[in-house]
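Below are the sequence and a predicted model; questions follow.
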Amino acid sequence: MKAEVFFLKYAFPCSFIIKERRQIDEKTFHLLRDAALNNKAPDKPLLEKVYFRAFEKIKMVSKEMKKDKWDLAVLREYFLKRHNRIIDNGMFAYKNAPESQKRLCKIHIAEIAEDKGDCFIVQYRENNRKNKKSTRVVLKELVPDAKIGDRVTIHYGYAVEKIS
Amino acid sequence: MCLAIPGKIIEIKEDSAVIDYGSERRKARIVYGNYSIGDFAIAQGGIVIEKVPKSQVKQWIKLVKNES
C-alpha cells in the first residue's frame, strides 16, 4: 500500500474535527473522503498541511527510527503504537481533552460482531478495562469487504483497516 | 454528515434521533447503545457513535473550537 493511502485511511476519521475548526473547507473534506474511500493518494504536501498535528508527532517518531516520515514503518509505528501512548500520557493537545474524546481518538483492534449494512458493531478491549469488552458502532465504508469475525482497526466512528 | 461537537438529543423516533447543536439540528441513526432524550452524543457519518457525559460537553466544544 502506498504511504499516502495508508496515512489517509488512519487520519481521515479526524477530518470532521479539522473541518469544524475551519482548517479545511467542504471541498477539501470531500476530496479527502473520496480519496480515503477509493484508495487514492492525495499529494503529500496537502496531507502534511491538513494533518499538521499528526505530522508533529510523526516527525518525532521518524527521527527516533532514523527513517523518512513517509516510510510505511514510521507511519505504522505512529498510528498503531505511539498514538495511543501519546493520548494516555496527555501530550500535545490531549492534555485538555475530555475522556470521551480520548476514547474515540484511540486506535484499537476490534472484532466485527455484527454487520448492519453501512456500519459494523465491533468489540474490543481498552487498556483500562481489561476484564470487560467494549462495544461500539463504526462505519464500514473504508473497509467494505470486511466480514463478521474479521479483525479491524478502529478510529473514531470508522473501521480503518482489516488486520490479518 | 456530522459535526465534531456533541449535540443534545431532542427527539427519538424508532432508530432516528434529532440532534440539536444550537445553531442547527441534524438527524442521525442510533444503531447501538441506549440513548434518551436529553443525552449528549457525537455523531459521525449520520450515525450516533458515542454518548458524551454532560460534564464533558463544554470541554469537547472548547477543544474543538479553540485548538488551532
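That came through fine. Numbering: from 1, shown residues only, chains lettered A, B, ... in the order given.

And stretch A:22-36, what's buried?
The neighbour-count check on stretch A:22-36 (16 or more other Cβ atoms under 10 Å in any protein chain shown) flags A:23-24, A:28-29, A:31-33, A:35-36 as buried. (Each C-beta comes from the backbone N, C-alpha and C, glycine too.)

same thing with stretch B:42-55?
Across stretch B:42-55, burial judged by 16+ other Cβ under 10 Å covers B:42-45, B:47-52.

quick one: which of the buried residues of stretch A:22-36 is nearest to residue A:110?
Here the nearest of these to residue A:110, counting by Cβ to Cβ, is residue A:36; it sits at 18.6 Å.

what are the ranges of the strands in chain B?
Along chain B, the stretches classed as strands by DSSP state E are B:7-13, B:16-20, B:25-29, B:40-44, B:47-52.

Dump the ones you listed to a markdown table, plus mean pLDDT and distance to residue A:14.
Below are the strands of chain B laid out as a markdown table (pLDDT from 0 to 100; distance: least, Cβ to Cβ, whole Å):
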| stretch | mean pLDDT | distance to residue A:14 |
| --- | --- | --- |
| strand B:7-13 | 97 | 19 |
| strand B:16-20 | 96 | 20 |
| strand B:25-29 | 95 | 19 |
| strand B:40-44 | 95 | 11 |
| strand B:47-52 | 95 | 13 |
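
any chance of these in CSV, plus distance to chain A?
Converted to CSV, these look like this (distance: least, Cβ to the nearest Cβ, whole Å):
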stretch, distance to chain A
strand B:7-13, 12
strand B:16-20, 13
strand B:25-29, 9
strand B:40-44, 3
strand B:47-52, 4
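
quick revisit: the buried residues of stretch A:22-36 also near chain B: which ones?
The subset of the buried residues of stretch A:22-36 within reach of chain B, by Cβ under 8 Å from any Cβ of the partner chain, is residue A:23.

Just give me the closest of the buried residues of stretch A:22-36 to chain B.
residue A:23 (7.2 Å; Cβ to the nearest Cβ).

how much space is there between that closest one and residue A:15?
Distance of residue A:23 to residue A:15, given as Cβ to Cβ, to the nearest Å: 10 Å.

residues contacting residue A:107?
With contact set as Cβ atoms under 8 Å, 6 or more residues apart in numbering or on different chains, residue A:107 has these partners: A:10, A:79-80, A:83-84, A:153-155, A:160.

just to revisit the earlier point, using pLDDT, spot the least trustworthy of the buried residues of stretch A:22-36.
Within the set of these, pLDDT is lowest for residue A:23 (85).

In this structure that one contacts residue A:50, no?
Yes - counting by Cβ atoms under 8 Å, residue A:23 does reach residue A:50; the two are 7.1 Å apart.
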